[in-house]
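Visitor: Build me a model:
(2 chains)
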Amino acid sequence: MSNLTIALAGNPNAGKSTIFNALTGMHQHTGNWPGKTVELKSGAFSYQDTTIKLVDLPGTYSLAAFSPDEVVARDFIISAHPDVVICVVDATNLERNLYLAVQILELGVAVVIALNMADQAKALGINIDQSRLSELLGGVPIVPTAASKGVGIDQLLATAVEHGLQRVRSTHSAEVGNTTCQCATPGAFTIDYGDEIERAITGLSLAATQNNLPLNGYCSRWLVLKLLEGEDDIVKNVAALPNGDKITVEAVAEATRLESQFGDDLDILTADHRYSAISSINRQVSLRRTSTQATLTERIDTIVANRLLGLPVFLFVMYLVFRLVIDVSAPYVDWIDTVINGPLTAGITASLTRLGAAAWIQSLLIDGVVAGVGGVLTFVPGLIVLFLFLALLEDSGYMARAAFVMDRFMQRVGLHGKSVIPLMLGFGCAVPAVYATRTIANRRDRLLTALLVPFMSCAARLPVYLVFAMAFFGSKAGTVIWLLYLLGVIVAILVGLILSRFVLKPGENSAFVMELPPYRMPTINTLAIHTWEHTRQFIRNAGTVILAISILLWFLLNMPWGVSNQEDSYYGQISAAIAPLMQPAGFGSYETSGALITGFIAKEMVVSTLSQVYTGEDLATNARASTGSIGQELIGVVIGFAQATADSFRTLISLIPGVNLIKPGNTEETALSLAIRNNFTPLSAVAFLVFVLLYVPCMATIGAIKQEFGGRWAASAAVYQTVVAWLFAVLVFQGGRLLGIG
Amino acid sequence: MANNVLLSSLTPGQKGTIMLISGPGQIRRRYMEMGFVKGEVVQVKRLAPLGDPVEYQVKGYRVSLRQTDAARIEVTLCHGSEDE
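Guide: The predicted structure is shown next:
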């Protein structure tokens, strides 16, 4: 039994995640790597006698330390010493993709190339001579794949494992420590940087050996080259080593000499050599018949990226996604709600009674656990639909068009077209959205985007809107919710303008270079995995954090022990202390303040807290009253699900203009909406929703911002968002009162 | 050399051969990584709805640049480039 760590690298859009998903299936998880704060997706599985850990590196165009993603990819290869790196190369775009492949080869690690989309390349009239390509790249194994169809995946894995085991064995037998990189072996792939630069490389390598510079697994040729190119972090690391400063000083001197001789930066000179080597390889291996017919991508883009239609299409797509999320999932939401509050609660109560559990345990489980976590689970259907559509937009290639179409606009706000993607993801969940800012190269653009992401109304806030909007606005609920989303966007624009004007001034060193990948039909497998991953994270959150908080909350509500009035409980006391602050916004009761406190931990908690404080007891009594055998209950559950599916289809068809199959007036009155109507006016409800929309989405988001940008920014984000939320809520309430509404 | 024009001045359909890329080293290297290399032919595909950025075809794939960034690249116009 042996272990292998395989890293998966490649350009964005080269099909890397499709290969990753095909190899790992559902067995993947996201986690931290020792010594690094970044999270990388990985999956473990066994192949024959080998346990394999496959790590998905961020998609990058290069290994130069330009964007954080590139640093992560490069550092992982250098410091985590994967046994093999699978480099995914898009055969339809060979030359540019080889740029990254060549850089990985230069690191001197074991590489296997997956020549992906081989089928599409052939269809485009591109023929690649694989054996010649392998030969020109120093004998690197090449496996043709068509990952979206599952072609070549088995062979890719077999080749990578074989290559990796070979490498492990040779390393063990050689045991020479420093010189185990492939660049030291004869016939390995190197780029000829021209006499002058090569002389400098040789000289410095010699100096490194003479000074016994510890290479720590670096390939010496690569290390010396990076020193010459003046790559900051490498220079710093080497300078810190014993005798290291001698080498770095010499490297700087050499680089300066060469730069004045050639009249350009050394990293530009080396990049130039690298590209001419690649061009020459490309000319030797690919045979291209230029096809004159307009590709499908071209035809789609004449509409989607059209000067007149581009923006309307973008807005329509956004609108459609959110209509679908709300309408398609609504019947399922009702169904889960019914199951949890009906059969499930009844079942638990019955078994507890049979076991003779004390009344307070029953209350803890039903009013605390089931009401809290169950309330959250009812939103799973909506999230599944949302995550599915976001994955569809991302994987199909539309997201890049959205960035293209919106860039000018984003630029006005001081952002980047690519900010559209994290911001759109923010409508799903702010946590992945904050991480998605990593695709933006410039730190200032990244930070600003991450600070604005929380204003995009995340899916967890939707339940709050739904409950309130249904209670007050009936058939106009959809419009109210749409307006809330819009308000979030408007506030983000305003705050963005202010921040980029006064706090985060735009830098000059950012270039907007964005690939517009060909449209591709996403595979069902990839869509399913992406959707499941995100949904699972949400459920896990509901199961752990929210469960713990639900229990804590139950205790706060019931302590000091035997408290009869909620207002006298610890929770009531804490909330009441905060309540006066909220008075100007129209919702100064201790119940609402309490819900907002728990909402800081996670937005899902707002509804469950309200439902617990307003109706917790009632719900439980109702459920306990419901009788019937288990068989009858189960039949009811199944029929309910079928009914929900039918309703959902009806809604879907009703989205076609002119068709309406939805029966009017079947909105059911829930205990919660009744309680809300008794405690809010329409105006204070809107002010409350505005506050919920704008204040910190959850602890996890603040955690993500801290992880990406440090504690200071995380704390500032939490404070400024709450202040903005308070200001707007007060503005809405006081403004509304002046206008005589509510 | 005399008839170099800025890439940003080309209109959709026009093609140019890259002659010179100016700007800070980091940005020039970024351009190179994305395929904007001296001697390479670039074609303007379309403008975004608000006039910026611009979609280009280079090395057989599509990429977009802002006008201000495209102004860092000098090209010589290729003639008869309206159709491909």
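Visitor: Quick one: mean pLDDT for the strand or helix carrying B:Val5?
Guide: B:Val5 is part of strand B:4-6, with elements assigned from DSSP states H and E. Strand B:4-6 carries an average pLDDT of 92.
Visitor: Now do the following helix or strand past it: distance to the chain's middle.
Guide: Later in the chain than strand B:4-6, the nearest helix or strand by DSSP H and E is strand B:15-21. Taking CA atoms, centre = their mean, to the nearest Å, one finds strand B:15-21 lying 7 Å from the centre of the chain it belongs to.
Visitor: Quick check, A:Ile348 in contact with A:Leu365.
Guide: Yes: if you go by CB atoms under 8 Å, A:Ile348 and A:Leu365 touch, sitting 6.2 Å apart. No exception for glycine: its C-beta is placed from N, CA and C like everyone else's.
Visitor: Wondering if the helix ranked longest in chain B reaches chain A at all.
Guide: Secondary structure of chain B per DSSP state H: the longest helix is helix B:25-33. Yes: Helix B:25-33 comes into contact with chain A (CB under 8 Å from any CB of the partner chain), by way of B:25-33.
Visitor: Throw those into a markdown table and include pLDDT and distance to A:Cys219, thanks.
Guide: Below are the residues of helix B:25-33 next to chain A laid out as a markdown table (pLDDT from 0 to 100; distance: CB to CB, whole Å):
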| residue | pLDDT | distance to A:Cys219 |
| --- | --- | --- |
| B:Gly25 | 80 | 24 |
| B:Gln26 | 81 | 24 |
| B:Ile27 | 84 | 28 |
| B:Arg28 | 87 | 26 |
| B:Arg29 | 85 | 21 |
| B:Arg30 | 85 | 24 |
| B:Tyr31 | 89 | 27 |
| B:Met32 | 87 | 23 |
| B:Glu33 | 87 | 21 |
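Visitor: Quick one: those as TSV, columns for neighbour count too.
Guide: Converted to TSV, these look like this (neighbours: other CB atoms under 10 Å in any protein chain shown):
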residue	neighbour count
B:Gly25	15
B:Gln26	17
B:Ile27	19
B:Arg28	21
B:Arg29	22
B:Arg30	24
B:Tyr31	23
B:Met32	22
B:Glu33	24
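Visitor: Of the residues you listed, which is the nearest to A:Glu106?
Guide: Closest to A:Glu106 out of those is B:Glu33 (14.2 Å), distances taken as CB to CB.
Visitor: correct me, but the closest one touches A:Ala271?
Guide: Yes: at 7.3 Å, B:Glu33 and A:Ala271 qualify as touching, with contact defined as CB under 8 Å.
Visitor: Where does chain A get nearest to chain B, residue-wise?
Guide: Relative to chain B, the nearest point of chain A is A:Arg408 (3.5 Å; CB to the nearest CB).
Visitor: And for that residue, the neighbour number?
Guide: Using other CB atoms under 10 Å in any protein chain shown, A:Arg408 has 19 neighbouring residues.
Visitor: before we move on, what about A:Ala391?
Guide: Residues near A:Ala391, counting by other CB under 10 Å: 21.
Visitor: ok, A:Asn558 - contacts?
Guide: Contacts for A:Asn558 (CB atoms under 8 Å, 6 or more residues apart in numbering or on different chains) come out as A:360, A:363, A:569.
Visitor: Could you show which parts of chain B are in contact with chain A?
Guide: With CB under 8 Å from any CB as the criterion, chain B meets chain A at residues B:23-35, B:37-38, B:46-53, B:55, B:59-66, B:69, B:84.
Visitor: Narrow those residues to just the buried residues.
Guide: B:23, B:26-35, B:37, B:46-50, B:52-53, B:55, B:59-66, B:69 (16 or more other CB atoms under 10 Å in any protein chain shown).
Visitor: that older thread, can you flag which of the contacts of A:Asn558 belong to helices?
Guide: Counting by DSSP H, the contacts of A:Asn558 place A:360, A:363 in helices.
Visitor: Quick check: which of the contacts of A:Asn558 are also close to chain B?
Guide: Near chain B, judged by CB under 8 Å from any CB, there are no entries from the contacts of A:Asn558.
Visitor: Which positions in the strand holding B:Val5 come out as buried?
Guide: Applying 16+ other CB under 10 Å to strand B:4-6 flags no residue as buried.
Visitor: what's the distance between that strand and the middle of its chain?
Guide: Counting by CA atoms, centre = their mean, strand B:4-6 comes out at 10 Å from the chain centroid.
Visitor: neighbouring strands for it, and are they parallel or not?
Guide: strand B:73-78 (antiparallel) (DSSP bridges).
Visitor: A helix includes A:Ile705, no?
Guide: Yes: counting by DSSP: H, G, I helix; E, B strand; the rest coil, A:Ile705 is part of a helix.
Visitor: tell me the contacts of the nearest residue to it once chain neighbours are set aside?
Guide: Nearest residue to A:Ile705 in three dimensions, chain neighbours excluded: A:Ala714, at 4.5 Å (CB to CB, 6 or more residues apart in numbering or on different chains). Residues counted as contacts of A:Ala714 (CB under 8 Å, 6+ apart) are A:702-703, A:705-706.
Visitor: Okay then, goodbye and thanks.
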